[in-house]
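J.: What would the 3D arrangement of this be:
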Amino acid sequence: MCFKEQILDGLAKEMPTPRDKEEVPRWFVLAANLSLKLHLENSFKAFERVVRCGGLLSALPPEIASKHLDPQTQQILLECQGFNDKNHYARMTPCDQDFLRKFVKDVPAAQWMDWFNGPIQQTFQAYGFFDPAGIFIGDGSYLFVPDNPDYEGSVVMWFDEHNHPVEYEKLNTQERKKAHRERCYKLVSLLHLRGDCYVYAALAVVPGNAPECPVLYQLVEQFVKRVGKGVLKLLILDRGFIDGKNITRCKQDWGIDVLLPMKRNMDIWQDAWALGKQCPWQQLAAPVPQPKLPPSHRPEVLVRRELKRQKTLAAKKTREPPPDPAKLVIRTEICPIKGFNSWSECAVPINVLLLRESYADGHQCQWALMATADFTNPRQPKEQYELRPKIEERHRLLKCFHDLSDFHSRRFNVIVSQVVFILLSYTLRQWQLWKWLQQKLAGKTPGLLGRQLNIHTQYVVIYHENAYTRMPLVTFTRELLEMQTEARAKALIKVRQLEQSFLTPLENLRAPP
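T.: I've put the predicted structure just below:
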């Protein structure tokens with residue numbers, strides 16, 4: 001699809017290269033790395049297997065690479081011409097896997113990040129990757145590596161049982177038992193929500209102990225300079241990114257509204273809750289779960305079976321012990337207060353939404369959101385902030401199923417290039433889904449996604465004298481219709497015979513007497 005839409009040339013045009021003489025074109029280096037990541041391979045030694053079994057071979061022109069059946073050994077062989085005449089033996093791949101490894105190793109890490117945070121952003125904008133809603137989420141995530149000091153730029157830190165960084169000296173005895181020591185990097189990323197799909201708009205890989213707040217706002221500034229104002233409209237952040245000066249720059253200089261929760265030690269927190277005692281509160285209605293309708297094509301017997309199963313589950317649920325009153329929310333109240341100017345570091349007005357959650361055991365949990373946007377619907381900030389966990393879900397998906405932190409090299413250049421190509425391939429897969437109107441698959445794992453997409457293209461394979469060709473079904477149909485009348489009649493007879501050979505005779509389907 002990248003070849004068809006010609007997006008590969010746009011992405012590879014300014015891709016950094018360490019070579020003065022470009023024998024292997026950059027578009028092929030990019031296609032090879034994307035193919036490795038789409039097949040969940042981070043080792044370059046898997047390149048030959050990916051070329052042999054993956055989709056890269058069918059996307060390349062036949063003068064670069066082809067596949068045929070050896071008449072003597074009856075094995076499928078690859079014939080690749082490559083891009084130079086230096087090889088004395090038959091090529092198995094268009095370029096050697098060691099060339100790809102040296103290519104990414106010799107490019108400085110900063111150039112890989114500048115490429116993603118510049119030319120790739122502009123290519124995304126040219127192909128409509130950013131929608132008019134302009135909702136972006138920023139966050140940081142730790143990338144754990146083996147405790148080997150040879151990992152360039154990595155640091156060792158202490159984490160609790162939830163993988164949150166802690167200061168070991170300030171922990172008590174029980175907390176120290178649960179703490180663990182990890183060597184890590186930190187990935188700071190900017191994620192764009194394009195409906196139900198996801199676009200990684202910017203990234204930075206830094207040592208694990210580097211502060212993430214200035215890194216993120218620098219990514220936002222670079223993004224606005226590259227794609228212009230008006231693309232990024234709403235930036236949703238966590239408490240770790242509270243910075244009054246940068247929030248002011250986002251609103252005044254770039255026209256970006258920022259939404260994030262408040263900290264309890266802030267003066268604006270004290271002022272807001274003092275005013276909240278005098279302002280009216282309104283209760284939020286509990287969300288009504290939507291009934292899950294069965295598919296229209298499901299047989300009636302399966303519908304009745306599912307209804308019976310749901311009744312059994314409901315009966316079992318009534319016999320379960322009641323939930324813990326300390327964890328059962330019975331009421332949620334909100335109080336919007338606008339126009340705060342008491343935050344000295346922020347030069348723009350702040351609108352606050354106070355939230356109060358009452359639990360069944362009588363205690364209350366209070367928290368608050370602050371935004372630079374002037375909202376008319378008081379529920380809007382809470383609904384928008386509920387989108388923030390989506391970037392944490394992407395982190396988990398990429399680490400667990402795309403091997404984001406499974407680094408086979410300890411060179412920082414290779415580590416950054418792996419992160420860049422994984423996020424790029426993930427975004428391009430999302431682009432493919434919304435182009436095919438398959439947004440419902442956007443959050444699926446690679447295995448489930450591959451099974452759903454495999455049936456999209458159908459081929460007809462024709463064998464003749466120890467050789468074969470693979471033709472798309474539409475192409476095969478066209479070739480059949482364009483044949484001469486006599487040849488077409490013979491071909492149709494052959495197709496009917498083939499069809500009959502795959503059908504089971506009716507008498508074999510009948511039950512024995």
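
J.: now V29: how far from K490?
T.: As judged by CB to CB, to the nearest Å, V29 and K490 stand 47 Å apart. To be clear about C-beta, it is placed using only N, CA and C from the backbone, and glycine gets the same treatment.

J.: now the strands for the stretch 251-400 of the chain?
T.: Counting by DSSP state E, counting those that start in this stretch, one finds strands in the stretch 251-400 of the chain at the ranges 257-261, 282-284, 329-340, 350-359, 364-371.

J.: what is the orientation angle of the helix or strand hosting R249 with strand 364-371?
T.: Using DSSP states H and E, R249 sits within helix 244-252. Counting by axes from the mean of the first three to the mean of the last three CA atoms, to 10 degrees, helix 244-252 lies at 50 degrees to strand 364-371.

J.: Could I get the contacting residues of the residue nearest to L60 when sequence neighbours are not counted?
T.: Distance criterion CB to CB, 6 or more residues apart in numbering; nearest residue to L60, sequence neighbours excluded, is P94 at 7.0 Å. P94 sits next to 24, 28, 32, 51, 60, 64-65, 80-83 when contact means CB atoms under 8 Å, 6 or more residues apart in numbering.

J.: So P94 lies in a strand, does it not?
T.: No. Assigned with DSSP: H, G, I helix; E, B strand; the rest coil, P94 falls outside any strand and is coil.

J.: what about P321, how many neighbours?
T.: Neighbour count of P321, defined by other CB atoms under 10 Å: 5.

J.: Next up, phi/psi of it, please.
T.: phi -60, psi 150 (degrees, to the nearest 10).

J.: quick one: pLDDT of it?
T.: Turning to P321, the model gives it a pLDDT of 88.

J.: Please list all residues in contact with H192.
T.: 129-130, 135-136, 198-201.

J.: thinking again about what came up before, looking at V29 and K490, which is more packed in?
T.: Neighbours were counted for V29 and for K490 using other CB under 10 Å; V29 has more, 20 against 11.

J.: Output the contacting helices and strands for the helix of greatest length in the chain.
T.: Taking DSSP state H as the criterion, the chain has its longest helix at helix 412-435. Judged by 3 or more CB pairs under 8 Å, 6 or more residues apart in numbering; DSSP states H and E, helix 412-435 is in contact with helix 26-38, helix 97-106, helix 109-116, strand 180-194, strand 197-207, helix 389-401.

J.: could you redo the last one with a cut-off of 6 Å?
T.: Judged by 3 or more CB pairs under 6 Å, 6 or more residues apart in numbering; DSSP states H and E, the packing partners of helix 412-435 are helix 26-38, helix 97-106, helix 109-116, strand 197-207.

J.: Tell me the spacing between the residue nearest to the spatial centre of the chain and N117.
T.: Nearest to the geometric centre of the chain sits Y426, at 4.8 Å (CA atoms, centre = their mean). Separation of Y426 from N117 (CB to CB) stands at 16 Å.

J.: neighbours around the closest residue to R176 other than its chain neighbours, how many?
T.: Nearest residue to R176 in three dimensions, chain neighbours excluded: Y168, at 6.8 Å (CB to CB, 6+ apart). Neighbour count of Y168, defined by other CB under 10 Å: 12.

J.: Just the pLDDT for L235.
T.: For L235, the model assigns a pLDDT of 98.

J.: Check the one 5 residues further on too.
T.: At G240 the predicted local distance difference test score is 93.

J.: SS state for it?
T.: Bear in mind the rule, three-state DSSP; under it G240 is helix.

J.: Quick check: it vs L355, distance?
T.: According to CB to CB, G240 and L355 sit 20 Å apart.

J.: what does A442 give?
T.: The value you get for A442 to L355, if CB to CB is used, is 29 Å.

J.: Looking at G240 and L355, which one has more neighbours?
T.: L355 (19 against 15).

J.: That one pairs with what?
T.: Counting by DSSP bridges, L355 is bridged to I334, W367.

J.: For M15, which of the strands of the stretch 251-400 of the chain is the nearest?
T.: The closest of the strands of the stretch 251-400 of the chain to M15 is strand 257-261. By CB to CB, the value is 32.4 Å.

J.: how far does the closest one sit from the chain's center?
T.: The chain centroid and the centroid of strand 257-261 are separated by 23 Å under CA atoms, centre = their mean, to the nearest Å.

J.: Let me know the average pLDDT across it.
T.: Strand 257-261 comes out at a mean pLDDT of 97.

J.: Direction included, what does that strand pair up with?
T.: Here, using DSSP bridges, strand 257-261 pairs with strand 234-236 (parallel), strand 364-371 (antiparallel).

J.: Comparing those, which stretch has the densest surroundings?
T.: Mean neighbours per residue, mean count of other CB atoms under 10 Å, is largest over those for strand 234-236, with a mean of 23.

J.: Scan the contacts of H192 and report the most crowded one.
T.: Going by other CB under 10 Å, A201 tops the contacts of H192 with 29 neighbours.

J.: May I ask you to confirm that the residue nearest to R176 is in contact with W158?
T.: Yes. Y168 is in contact with W158 according to CB atoms under 6 Å; the separation is 4.4 Å.

J.: which stretches of this structure have low pLDDT?
T.: Residues of the chain that meet the criterion pLDDT under 70 lie in 69, 74, 76, 88, 294, 454-457, 499-513.

J.: Okay, and M471 sits in which element?
T.: strand 467-472.

J.: Give me the packing partners of that strand, helices and strands only.
T.: strand 459-464.

J.: Give me the buried positions along the strand it packs on.
T.: Neighbour counts using 16 or more other CB atoms under 10 Å place V460 of strand 459-464 among the buried residues.

J.: Please save the CA atoms from it in PDB.
T.: Extracted in PDB, the C-alpha atoms of strand 459-464 (Å, rounded to 0.1, in the frame of the first residue of the first chain):
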ATOM      1  CA  TYR A 459      -4.800 -14.700  -5.400                       C
ATOM      2  CA  VAL A 460      -5.000 -17.400  -8.100                       C
ATOM      3  CA  VAL A 461      -1.900 -19.600  -8.400                       C
ATOM      4  CA  ILE A 462      -1.200 -21.200 -11.800                       C
ATOM      5  CA  TYR A 463       1.400 -24.100 -12.000                       C
ATOM      6  CA  HIS A 464       3.000 -25.100 -15.300                       C
END
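
J.: what's the angle from it to strand 467-472?
T.: 160 degrees.

J.: Just give the strands next to strand 459-464 in its sheet, each with its orientation.
T.: strand 467-472 (antiparallel).

J.: Could I get the buried residue list for stretch 24-40?
T.: In stretch 24-40, counting by 16+ other CB under 10 Å, buried: 24, 26-40.

J.: got it, and stretch 141-159?
T.: Applying 16+ other CB under 10 Å to stretch 141-159 flags 141-145, 151, 153-154, 157-159 as buried.

J.: among those residues, which are in strands?
T.: 141-145, 157-159 (DSSP state E).

J.: what would these look like in a markdown table with distance to P389?
T.: A markdown table is the format used below for these (distance: CB to CB, whole Å):
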| residue | distance to P389 |
| --- | --- |
| S141 | 13 |
| Y142 | 17 |
| L143 | 19 |
| F144 | 21 |
| V145 | 25 |
| M157 | 23 |
| W158 | 25 |
| F159 | 20 |
